[in-house]
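Colleague: Provided below for reference: sequence and predicted model.
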Amino acid sequence: QVQLVESGGGLVQAGGSLRLSCAASGSIFSIHRMGWYRQGPGKQRELVAIEFSGGDTIYADSVKGRFTISRDNDKNTVSLQMNSLKPEDTALYYCYAQQVFRGLNNYWGQGTQVTVSS
C-alpha cells in the first residue's frame, strides 16, 4: 500500500500563486506515474499534471504555462507550483500515484482544497 498526503491548498485571489505538495509513504517502489488531478464543483475529476518516473510530463491544456509539476524520486514527493490562478482553477486537488507491481495499482490522497476568488 502507498499512502499520499497533500498539503498547501488554500484561498487566493485571482492572479495569485499557490504551491501544493504531496508526500508518499508505505510500500514505495516502482512508482511509474505521480501527479495531480482535480475535481471542481459539479465537475468530473480531471488530470492536471503528471510526471513519469523517467521525467516526462503531461499537463492539461488549461494549465499549460501556468502550472509546473516537480517530482523528487529520492524523497518520494511531488509538488505543483500554480501561478496566475483563475477562478476556474477552484477545485479539490488530489495527489495521485500509479505503482507497477503485479499489475497497475492506483493510489489517491484525501485531497486539498484550492479556492481562487475573483
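Modeller: Looks like it came in fine. Numbers count the residues shown, from 1 in each chain.

Colleague: what's across from the residue positioned nearest the centre of the chain in the sheet?
Modeller: Centrality entry for the chain: nearest residue to the mean C-alpha point is W36, 2.1 Å, by C-alpha atoms, centre = their mean. W36 has the following beta-bridge partners by DSSP bridges: A49, C95.

Colleague: I'd guessed it sits against V48; true?
Modeller: Yes. The criterion here is C-beta atoms under 8 Å, and W36 meets it with V48 at 4.3 Å. To be clear about C-beta, it is placed using only N, CA and C from the backbone, and glycine gets the same treatment.

Colleague: Could you pull up the residues touching the residue nearest to the centre of the chain?
Modeller: Contact analysis of W36 by C-beta atoms under 8 Å, 6 or more residues apart in numbering lists 20, 22, 47-50, 69, 78, 80, 93-96.

Colleague: Now which of the residues you listed would you call buried?
Modeller: Listed as buried from those are L20, C22, V48, A49, I50, I69, V78, L80, Y93, Y94, C95, Y96; burial here means 16 or more other C-beta atoms under 10 Å.

Colleague: want to try JSON lines for those, with distance to G42 as columns?
Modeller: Shown next, in JSON lines, are the buried ones among the contacts of W36 (distance: C-beta to C-beta, whole Å):
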{"residue": "L20", "distance to G42": "22"}
{"residue": "C22", "distance to G42": "25"}
{"residue": "V48", "distance to G42": "17"}
{"residue": "A49", "distance to G42": "22"}
{"residue": "I50", "distance to G42": "24"}
{"residue": "I69", "distance to G42": "25"}
{"residue": "V78", "distance to G42": "27"}
{"residue": "L80", "distance to G42": "22"}
{"residue": "Y93", "distance to G42": "16"}
{"residue": "Y94", "distance to G42": "17"}
{"residue": "C95", "distance to G42": "22"}
{"residue": "Y96", "distance to G42": "21"}
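
Colleague: And those, which is closest to K86?
Modeller: Taking C-beta to C-beta as the measure, K86 lies nearest V48 of the buried ones among the contacts of W36, at 13.1 Å.

Colleague: thought that closest one was touching D61?
Modeller: No. Using C-beta under 8 Å, V48 is not in contact with D61, being 10.9 Å away.
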